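[1] build me a model from this:
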Amino acid sequence: QVQLQESGPGLVKPSQTLYLTCTVSGESITTNYYYWSWIRQPPGKGLEWIGYRLYSGSTYYSPSLKSRTSISTDTPKNQFTLQLSSVTPEDTAVYYCASVVGRYGSWYVDYWGQGTQVTVSS
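    Below you'll find the predicted structure:
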């Protein structure tokens, strides 16, 4: 069974860069079976797919966040990391890492991390 665990700061100041790390166990980060993803849910709103990275290097970022987002992998540590720059209070949300399967036009989350609250405030 795949397990994912987010880690990172719970509080970030406006204009700073947010770094969140997802540690994966039970599966190698080098597989191309999963789209290693970050998803967030702002308070009172629905889920938003921030983006994904395949180990092969293919990436996707939400158009609304593309200019501020980067997702990278760390093979020795079996981790992937979200970098979100120039944060504002609108980036306050619960952030989830997830392993997403995409096959024949169908997409679904196979495994979720437990989520981590990030608050942007001075």
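
[2] quick check: beta-bridge partners of the residue nearest to the spatial centre of the chain?
    Nearest to the mean C-alpha position of the chain, counting by C-alpha atoms, centre = their mean, stands residue 38 at 2.1 Å. Beta-bridge partners for residue 38, by DSSP bridges, are residue 51, residue 97.

[3] how close does residue 14 get to residue 66?
    Residue 14 sits at a distance of 20 Å from residue 66 (criterion: C-beta to C-beta, to the nearest Å). C-beta: built from backbone N, CA, C; applies to glycine.

[4] and if you look at residue 39?
    Taken as C-beta to C-beta, the span from residue 39 to residue 66 is 16 Å.

[5] which one's more surrounded, those two?
    The residue with more neighbours, out of residue 39 and residue 66, is residue 39; 22 against 13, by other C-beta atoms under 10 Å.

[6] contact partners for the nearest residue to that one once chain neighbours are set aside?
    Once flanking residues are discounted, residue 39 sits nearest to residue 96: 4.7 Å by C-beta to C-beta, 6 or more residues apart in numbering. Neighbouring residues of residue 96 by C-beta atoms under 8 Å, 6 or more residues apart in numbering: 6, 38, 39, 40, 41, 112, 113, 114, 115, 116.

[7] circling back: surely the residue nearest to the centre of the chain and residue 71 touch.
    Yes: checked against C-beta atoms under 8 Å, the pair residue 38 and residue 71 is within contact range at 6.4 Å.

[8] give me the common contacts of these two.
    Any residue near both residue 38 and residue 71 by C-beta under 8 Å, 6+ apart counts here, and that gives 50, 51, 52, 82.

[9] count of neighbours near the first one?
    Summarising burial for residue 50: neighbours were counted as other C-beta under 10 Å, giving 25.

[10] over to the third one?
    In terms of burial, residue 52 registers 22 neighbours under the definition other C-beta under 10 Å.

[11] circling back to that earlier point, most surrounded residue in the contacts of residue 96?
    residue 38 (27 neighbours).

[12] mind pulling up the pLDDT for that one?
    What the model reports for residue 38 is a pLDDT of 98.

[13] contacts only, for it.
    20, 22, 49, 50, 51, 52, 71, 82, 95, 96, 97, 98.
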